[in-house]
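Student: with the sequence up front, the predicted model follows.
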Amino acid sequence: MSTMVQNEKAKADIGVVGLAVMGQNLVLNMNDKGFKVAVYNRTTSKVDEFLEGPAKDTNIIGCHDLKKFVESLQIPRRVMLMVKAGPVVDAFIEQLVPYLDKGDIIIDGGNSLFNDSDRRTHELHKKGILFVGSGVSGGEEGARFGPSLMPGGNHAAWSAIKPIFQSIAAQVDGEACCDWVGNDGAGHYVKMVHNGIEYGDMQLICEAYQMMREGLGMSGDEIQQVFAEWNEGVLDSYLIEITRDILTVKEPDGSLLIDHILDTAGQKGTGKWTGMNALELGIPLTLIGEAVFARCLSALKDERVTASNVLPAFAGEFSGDKAEMVNAIRDALYASKIISYAQGYMLMREAAKTYGWELNYGGIALMWRGGCIIRSRFLGNIRDAFERNPQLENMLLDSFFIDAITEALPGWRKAVVCAINLGVPTPTFSSALAFYDGYRSERLPANLLQAQRDYFGAHTYERLDKPRGEYFHTNWTGRGGNVSASTYDA
Ligand code: NBP
């Protein structure tokens, strides 16, 4: 074996820049799976602390400057950035490029905006560098023991990173929760939708909790039992599981810890990005939108306190069968969750069309089945639906989901009506039901809307008894002219 080959073998398989919680845990995960990793961090003392602490007695190579870091990597060099999203990623790319050669790979594993990943893929492609923007989900524990990984970007990089990515990812039924998502920003796009869905799932659970707590007057222990039961059935998921566990945590005086937590939700923007993109693409992503707005409303704590003293509820008290209503709430949660995922998939389908990606919808469900925050049994059903029919236009038209919604529908309506009567806000339960009723309606009142538009702005309308694409204008008042506005949809 030549000295050069020997030297190459002593080098690292991959380098990771950024040693905060995600970076450190991913590096340890890679090390466990037998990969040699080099690490670098802006604050270099963190490299030493890492090597003396969690990475003690490993093969991990610590570097204090980027040039040496790059030199410690096998060719093609694979550099993964686990740093704060935004300009920091661009700054690191700029510093790294002079040390890299054509065919080397930069992977951004942060929560970057997909448009940034699009841009970086193209800019680096011009320099011969392969860029991958990868969604990483699962938080600290996922990073350490198996995250969900959603890589996209320059496909030429995939074969070189696949063995590492698929072995560090979570595994479900022997399959890695990681596969190539698509070109350019597709990986970060799918991660963004994942986060939007996460917002929706969390809000749905919170509404179920509030209905039981405020509406039905159930104790924390009773609700904890309900979540424990739900986690054994179709709702089996990580978020239901942690809710069950959160409800066991008490203060020294025996009260529930969550009763002492300020009811004002934070957000870091990925739910908002998903909603903004849905508006941009014209997809009715109502549930995630409501989930983002519910966080915004929760943030108006002082105003809500003032309003609570002056605005009446005119709400009744619950007087029915509690166990029956708990089942109805479960049905509302399950059916609304189906709507949320259906809307998320509608958005991804439209994005694929708009941005020119070929997304594997069943594969995406598999990537989310393990390792990430929205992992659940239910994602297996979505995967099966796309396996039955890869061209499935909408998840709601799959036989499994038709049956599931049909079964849950009576309880869903009952729970929403009950919430309205009790004055308990359930924006995601109710908006999901409104979407469902709209989606299944052959006829909506948009005929009147078109008439209004034509009345005030001569925007024209199409007729049911004429072919699509033929536009008509009516002089509604007798005062207007016969000139119409041009027809286009923004
Ligand atoms: P942070 O998002 O807190 O980023 C910390 C890293 O960014 C450190 O290496 C820090 O270096 C570096 N950094 C910062 Br901050 N500002 C810098 C600057 N101006 N120049 C150079 N380096 C800078 O860490 P994280 O929570 O581990 O997340 C890493 C990425 O993964 C982020 O994009 C995050 O959104 C994403 N993510 C996080 C989670 C999660 O659960 N936390 C889950 C999934 C994805 P320093 O040590 O010198 O300050």
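Tutor: Nice, I can see it.
Student: contacts only, for M22.
Tutor: Going by C-beta atoms under 8 Å, 6 or more residues apart in numbering, M22 touches 82, 109-110, 136, 140, 143. Where you see a C-beta, it was placed from the backbone N, CA and C, and this is true even at glycine.
Student: ok, 10 Å please
Tutor: 16, 82-83, 109-111, 136, 138-140, 142-144, 147 (C-beta atoms under 10 Å, 6 or more residues apart in numbering).
Student: closest one of those residues to the ligand?
Tutor: G110 (2.5 Å; C-beta to the nearest ligand atom).
Student: and the closest one, which of the three is it?
Tutor: coil (DSSP: H, G, I helix; E, B strand; the rest coil).
Student: cool, E280 as well?
Tutor: Assignment for E280 (three-state DSSP): helix.
Student: any idea how many residues pack against it?
Tutor: The local packing of E280 (other C-beta atoms under 10 Å) involves 11 other residues.
Student: residue contacts, it?
Tutor: Per C-beta under 10 Å, 6+ apart, neighbours of E280: 350-351, 354.
Student: buried ones among those residues?
Tutor: By neighbour count, with 16 or more other C-beta atoms under 10 Å, the contacts of E280 hold 350-351 as buried.
Student: which one of the contacts of E280 sits closest to the ligand?
Tutor: Comparing those against the ligand with C-beta to the nearest ligand atom places A351 closest, at 20.3 Å.
Student: I'd say that closest one and V181 touch.
Tutor: No. Using C-beta atoms under 10 Å, A351 is not in contact with V181; the gap is 11.3 Å.
Student: that older thread, filter the contacts of M22 by proximity to the ligand?
Tutor: By C-beta under 6 Å from any ligand atom, the members of these lying near the ligand are 82-83, 110-111, 136, 139.
Student: could you redo the residues you listed as TSV and give each row neighbour count?
Tutor: Output for those, formatted as TSV (neighbours: other C-beta atoms under 10 Å):
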residue	neighbour count
M82	24
V83	22
G110	25
N111	20
V136	28
G139	15
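Student: which pair in the residues you listed spans the largest distance?
Tutor: By the measure C-beta to C-beta, V83 and G139 form the most distant pair in the ones next to the ligand among the contacts of M22, at 16.6 Å.
Student: sketch out the low-pLDDT regions of the chain for me.
Tutor: 1-9 (pLDDT under 70).
Student: biggest strand in it, by residue count?
Tutor: strand 130-137 (DSSP state E).
Student: now for it, which elements pack on it?
Tutor: Counting by 3 or more C-beta pairs under 10 Å, 6 or more residues apart in numbering; DSSP states H and E, the packing neighbours recorded for strand 130-137 are strand 78-81, strand 105-108, helix 114-126, helix 139-145, strand 148-153, helix 158-168, helix 186-210.
Student: right, quick check: the longest one against the ligand, any contact?
Tutor: No. Helix 186-210 does not reach the ligand (C-beta under 6 Å from any ligand atom); its nearest approach is 8.2 Å.
Student: quick one, that helix and strand 130-137 angle?
Tutor: Counting by axes from the mean of the first three to the mean of the last three C-alpha atoms, to 10 degrees, helix 186-210 lies at 10 degrees to strand 130-137.
Student: so which residues make contact with the helix or strand just after helix 186-210?
Tutor: Next along the chain after helix 186-210, taking DSSP states H and E as the criterion, comes helix 220-230. Helix 220-230 is contacted by residues 205, 208-213, 216, 218-219, 235-237, 239-250, 255-259, 322-323, 326-327, 329-330, 333-334 when judged by C-beta under 10 Å, 6+ apart.
Student: kindly recompute the last result at 6 Å.
Tutor: If you take C-beta atoms under 6 Å, 6 or more residues apart in numbering as the criterion, helix 220-230 is touched by 212, 240, 243-244, 247-248, 256, 326, 330.
Student: adding neighbour count, secondary structure and distance to the ligand, write the residues you listed out as JSON lines.
Tutor: Shown next, in JSON lines, are the contacts of helix 220-230 (neighbours: other C-beta atoms under 10 Å; DSSP: H, G, I helix; E, B strand; the rest coil; distance: C-beta to the nearest ligand atom, whole Å):
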{"residue": "M212", "neighbour count": "22", "secondary structure": "helix", "distance to the ligand": "29"}
{"residue": "I240", "neighbour count": "24", "secondary structure": "helix", "distance to the ligand": "20"}
{"residue": "T243", "neighbour count": "23", "secondary structure": "helix", "distance to the ligand": "18"}
{"residue": "R244", "neighbour count": "18", "secondary structure": "helix", "distance to the ligand": "21"}
{"residue": "L247", "neighbour count": "22", "secondary structure": "coil", "distance to the ligand": "22"}
{"residue": "T248", "neighbour count": "12", "secondary structure": "coil", "distance to the ligand": "23"}
{"residue": "L256", "neighbour count": "19", "secondary structure": "strand", "distance to the ligand": "25"}
{"residue": "V326", "neighbour count": "23", "secondary structure": "helix", "distance to the ligand": "32"}
{"residue": "R330", "neighbour count": "21", "secondary structure": "helix", "distance to the ligand": "29"}
